[in-house]
Every structure is written in C-alpha cells, then in structure tokens.
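Asker: I would like the atomic coordinates for the input below:
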Amino acid sequence: MEASAPPPSSSSGDRTLVEAALRILNAEDPWVKASLGEATAKQWFDGLISRPYDPSVNLPVPERPARLSNVKLVAPSLMPKLGKAGSLQSRQAILHSLAHTESWAIDLSWDIIARFGKEEAMPRSFFDDFVKVAQDEGRHFTLLSGRLQELGSFYGALPAHDGLWDSAIQTSNSLLARLAVEHCVHEARGLDVLPTTISRFRNGGDDATADLLETVVYPEEVTHCAAGVKWFKYLCQRTQQGSPQDKDVQEDKKLQAPDQLSAATNENSEANLDPVIDTFHAIVRTHFRGPLKPPFNEQARQAAGFGPEWYKPLAVKEFGLAE
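Answerer: Numbers count the residues shown, from 1 in each chain. Next up is the predicted model:
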C-alpha cells in the first residue's frame, strides 16, 4: 500500500537549493519526494532559498537516490506486457508504469541540480528551469498514483524496471550526456508514445485518465524536453565561444546566458546548430544503446525545439529512414 508518511512542512533549514535537492534525493518515499519538491520549488521561486549552492562547500551526491523497496524490480526484458487499456487490469498496469517513470523523473530533476549545477557553473536560469521540471514531475507522480488508487490499485502493486536510472548512472560524469540521453532522448520518447496512450484510455472508456494525461502531463512534458534541448545548446555554444566557467559565483549578467549566447554566435542560426547537432549525435551514439525508434511525434518534438535534424539521423542507419 501507499506509504503513509505525513507531508513535510513547507519550511526547512536548507540554506541552498543543492542542500534541498539532496534532502529530496535522500528521502525514500516518492510521495515525500514530491511533497518536499513542491515545498522547495515554492521556497526557491519566493526567494526563501536564495542561493543555488555554497561555492565553498562540496556536498556528495548519492550514486543512487534513496528508494522504497515496495516496488518489485525486474529487467526491462522481463516486464509483463501492459496491454492496450482495454481492460481494467491493463489500465492499472499502464498507470503503474507511468507513475514509476514519474517517480524517477523527480529524482532525475533534483539530481541534475545537485550533481552538475555547481560543477558546471551553470547560470541561475538553469536552476529555475529544472526546479520547475522537478515540481511538475512530482505533481505528475502524485496525480497518476492517486488515479491508480481510484482504479483499485496502488503504486508498488506491480513490477517495474529502473532503466531510467541505469542511464543516469552512465551519464553521471557529463552534463552534456545527461541532457542528451535523459532530457532529450527519454523525454522525447515520452512525447512519442503519450498520444497513443491517451487514445487507448479514451477508447477504453477511461476519460478521467485520458484527460489527466492530455491536459496536464503531455503539455508539461513538452516543456521538459525543451529544457533539455535549451541547456544542451547552451553548453555547446559556451564551449564554442570559450566562455570561462566561474566556479565560485553566479553573476547577475549570466542570468540570460542562453539567449545571449545564441544571439552572439553569428547570424546564420542553422549553421550555428550544425556542430551542436553533431555533438548531440556523437553523445547519443556513445551513451544510448541502440537506435532511436520511430514513429516520432514530430509536432511535439518541434514544439520543444527538437527538429528532425536532431533525431532522424540516429534512426536512419538501422531503419532506413529518409533524411
């Protein structure tokens, strides 16, 4: 059954955002992670937590976040089929899978803040974006697990796999790789499959779940993919310009860094993106197993700033797609 830990207070002694992120990563209960994340996001955006990190302190980030042991974990190849939402059992299985994905998405969002923000001297808007992503993912988990209970099941009732965190471990030494694999490839794959999932729930007579996915989860996941693309471009363009990384402070003039860098590179934006996309292809081929599999949700991917030039070449060799 769902853990019964009470939601934490919205006030905390965290002096920096990274301290708060680590507190969330070290919480076992996903409902507590979601509640702590909501409280932390409010504190951050209200200015109650004002500093992203303390430049004089190095805080260890766990290789694997704390997790409850109530979910039976199996290899992805051993996962039972989810079905097509035509039965209650299938709808429960799909919702359980979605809730599990969102539970890891909470940890991934706080991990990227704690692991890479100080190390890569990222501007404040990087922290803003991923706090918002983390806040969304926590809400998604809470809503989906709540809906699962309404359908007579609960998170932990079915097996799941931890493929998302396997990818996180493989990209733990590179922010570029983490953004490419987790926040572009995996997030974009979610955009590819969600419309079909929504249709299946609706065709199965479950309009409540379909509406939740269509009006809350789907549009917000587009913005999450967009954050990954935005900051991948930023890091590549910063490297091209040779911008110094200030490891100690985040200056106010850096707050709009992604826009400034994009405007400053040169006037031919398509030419500017060529090395960025080449870098993306090289990183995905190195850190992601296998090709990207169509069909692709080109409309949603485009809305996230992720045009076909980013992903179709990664499927061409194996699937014979036309570029």
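
Asker: hang on, V131 packs against L17?
Answerer: Yes: here V131 reaches L17: they are 7.1 Å apart, a contact under CB atoms under 8 Å. Using the backbone N, CA and C atoms, a C-beta is placed for each residue, glycine as well.

Asker: joint contacts of those two?
Answerer: Counting by CB atoms under 8 Å, 6 or more residues apart in numbering, the residues touching both V131 and L17 are 40, 44, 113.

Asker: so, if you compare the residues you listed, which one comes nearest to R139?
Answerer: When the shared contacts of V131 and L17 are compared for distance to R139 (CB to CB), T40 wins out at 13.2 Å.

Asker: can you tell me the helix or strand for the closest one?
Answerer: helix 30-45 (DSSP states H and E).

Asker: could you pull out the buried residues of the very next helix or strand once past that helix?
Answerer: Counting by DSSP H and E, the next helix or strand C-terminal to helix 30-45 is helix 88-116. Across helix 88-116, burial judged by 16 or more other CB atoms under 10 Å covers 90-116.

Asker: what mean pLDDT does helix 88-116 get?
Answerer: For helix 88-116, the mean per-residue pLDDT is 96.

Asker: packing partners of it?
Answerer: helix 17-25, helix 30-45, helix 124-150, helix 163-170, helix 175-180, helix 187-203 (3 or more CB pairs under 8 Å, 6 or more residues apart in numbering; DSSP states H and E).

Asker: and those helices: which comes nearest K312?
Answerer: Closest among the helices and strands packed on helix 88-116, using CB to CB: helix 187-203, at 11.9 Å.

Asker: quick one: list the elements packing against that closest one.
Answerer: With contacts defined as 3+ CB pairs under 8 Å, 6+ apart, the packing partners of helix 187-203 are helix 88-116, helix 207-212, helix 218-241, helix 298-303.

Asker: TSV for the ones you listed, including distance to A27?
Answerer: Below are the helices and strands packed on helix 187-203 laid out as TSV (distance: least, CB to CB, whole Å):
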stretch	distance to A27
helix 88-116	10
helix 207-212	25
helix 218-241	21
helix 298-303	31
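
Asker: next one, pLDDT for Q250 please.
Answerer: On the pLDDT scale, Q250 gets 38.

Asker: with M122 instead?
Answerer: M122 is assigned 97 on the pLDDT scale.

Asker: check Q260 too.
Answerer: pLDDT, Q260: 47.

Asker: could you do A257 as well?
Answerer: As predicted, A257 sits at a pLDDT of 50.

Asker: having no further points to raise, I will conclude here.
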